[in-house]
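In: only geometry, no sequence info:
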């Protein structure tokens, strides 16, 4: 049963899954740990182990591609990369394990009914903790499975992704209660969840139909350059001139097609922009010729006086109005074992195994980048899956979201599809257009309702030009943040206290 939950969770996400599985995915696990018949003869250890099984299947099936990423991106040996990927899966599995343990203890203390009623909050709390502990890894949160179900996904404009996770978990919990009890109030709970889902869907459809958010703000034509540079050529000096010429040529095409903002992917220049005056001048010429702002992903080095140079994964805004000034955003959430080694001092014994890993410095603050008519923000690579980071940019005044990435590391795995769907939800949460430039795809433009305006295929060079709007209004979620998740954390803390001392015998 626990393994079935893990498989259903995996099947809830792209590229092979379907969002309908998310609504029943946790039911088998909940039946296994909250049923009175089960708890009459089993222990906390069993619940913990069942949660681990679910977690292993869940994450092994959704982030299997991390082994390849660590091998290529982190330049680690195949054995080390597989080991680290397995450790990551094992670590992430701890969160479903904790969820199962808490639900099981609540079932013993207060009965199956209370366990199922509180399970959605416990699941959301476990996801929130996964997103913050040890720098966080909030990939494939349950709510992301509903991104493509746009009527349901509109809930994110109020509660963020965690509200979607809670709603899907509530469906599973209500169904589990029916399986465990089959009494009238269990069926009533399942019916209530159905009514809530129907209400959310109808409200979401009405919200989309209003098109209110797409009528706001100034119009802006944006060009996306998808260079499609193979990973094995990206840093090869023999290909540097050809790669750079390709981006310049495609940028000129975007400008001819009407773009006044051109966006390049992460680390798109085969050199450090600030260290190469010729390359910087050529980019500035394209910007000046077409009167277009150009957002360029490039590495940056800051050389202090007598100190060790600091390297950043950065995004520069080259403006035709001030070609000698290049405002920069420095990536804040770095990729563990790709851009830095966590706990490097503590892992001194493993230094020979990870000596190829990059040693970037994290940026210190969200920086808005000016364009002719407003201000934009950018998230580099997997930063886009951190809702608070994107929200902070909007709070500071970002009128357009951009994200630049190099998903070539992932090949044709599920990762590019998962990454794109997770980025889409930021548009709904914040009520902003999102422009995504990816080296090998998927690039595209997403409107404030999560609708895809334009989308490129994988592994093909593309220039995509589309219209966006610079928006200043804010959604409820952008104002209150993860208040829903915090409420779930508080409720979880309360049920943990309740579960310490059993008071009732397996009520339903």
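Out: Structure's in. What do you need? Keep in mind that what you see is a predicted model, and the values were worked out from it rather than measured. Numbering: from 1, shown residues only.
In: which residue ranges form the helices in the stretch 51-200 of the chain?
Out: For the stretch 51-200 of the chain, applying DSSP state H, counting those that start in this stretch gives helices covering 66-72, 78-110, 112-132, 150-153, 156-159, 161-181, 184-210.
In: so where's the stretch 201-350 of the chain shaky on pLDDT?
Out: In the predicted model of the stretch 201-350 of the chain, residues 306, 323, 337-338, 341-350 satisfy pLDDT under 70.
In: hey, where'd the helices end up in it?
Out: With helices called from DSSP H, counting those that start in this stretch, the stretch 201-350 of the chain shows them at 231-234, 240-256, 277-290.
In: Show me what counts as buried in the last one.
Out: This means helix 277-290. Along helix 277-290, the positions that meet the burial threshold by neighbour count (16 or more other CB atoms under 10 Å) are 279-280, 283-284, 286-287, 290. Placement of C-beta: from N, CA and C, glycine included.
In: Remind me what the strand or helix carrying residue 465 packs against, helices and strands.
Out: Taking DSSP states H and E as the definition, residue 465 sits inside strand 462-470. The criterion is 3 or more CB pairs under 8 Å, 6 or more residues apart in numbering; DSSP states H and E, and the helices and strands that strand 462-470 contacts are strand 218-226, helix 240-256, strand 444-446, strand 452-455.
In: Of all these, which one is nearest residue 480?
Out: Each of these has some distance to residue 480 by CB to CB; the shortest is strand 444-446, at 22.4 Å.
In: on that earlier part again, make a markdown table from the buried residues of helix 277-290 and add distance to residue 450 to it.
Out: Listed next are the buried residues of helix 277-290 as a markdown table, based on distance: CB to CB, whole Å:
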| residue | distance to residue 450 |
| --- | --- |
| 279 | 36 |
| 280 | 36 |
| 283 | 32 |
| 284 | 35 |
| 286 | 32 |
| 287 | 31 |
| 290 | 30 |
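In: farthest pair in those residues?
Out: Among those, the pair separated by the greatest distance (CB to CB) is 279 and 290, at 17.6 Å.
In: wait, residue 58 sits on residue 95?
Out: No - using CB atoms under 8 Å, residue 58 is not in contact with residue 95; the gap is 9.6 Å.
In: of the two, who's got more company?
Out: Legend: neighbour count by other CB atoms under 10 Å for residue 58 and residue 95, higher for residue 58 (27 against 23).
In: roughly how far apart are that one and residue 96?
Out: Residue 58 sits 6 Å away from residue 96 when distances are taken as CB to CB, to the nearest Å.
In: same question, residue 238
Out: Between residue 238 and residue 96 the distance, using CB to CB, works out to 47 Å.
In: Look at these two and report which has more neighbours.
Out: Using other CB under 10 Å as the criterion, residue 238 and residue 96 rank with residue 96 on top: 30 against 7.
In: re earlier: could the helices and strands packed on strand 462-470 be laid out in TSV, adding distance to residue 270 and mean neighbour count?
Out: Formatted as TSV, the entries for these read as follows, by distance: least, CB to CB, whole Å; neighbours: other CB atoms under 10 Å:
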stretch	distance to residue 270	mean neighbour count
strand 218-226	14	23
helix 240-256	4	17
strand 444-446	24	24
strand 452-455	26	16
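In: want to try JSON lines for the ones you listed, with distance to residue 196 as columns?
Out: As requested, the helices and strands packed on strand 462-470 are arranged in JSON lines below (distance: least, CB to CB, whole Å):
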{"stretch": "strand 218-226", "distance to residue 196": "37"}
{"stretch": "helix 240-256", "distance to residue 196": "44"}
{"stretch": "strand 444-446", "distance to residue 196": "26"}
{"stretch": "strand 452-455", "distance to residue 196": "27"}
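In: out of the ones you listed, which comes closest to residue 485?
Out: Nearest of those to residue 485, taken as CB to CB: strand 444-446 at 23.0 Å.
In: for that closest one, packing partners?
Out: Taking 3+ CB pairs under 8 Å, 6+ apart as contact, the helices and strands that strand 444-446 lies on are strand 218-226, helix 415-430, strand 434-438, strand 452-455, strand 462-470.
In: which stretch among those comes nearest residue 265?
Out: Relative to residue 265, the nearest member of the helices and strands packed on strand 444-446 by CB to CB is strand 434-438, separated by 4.6 Å.
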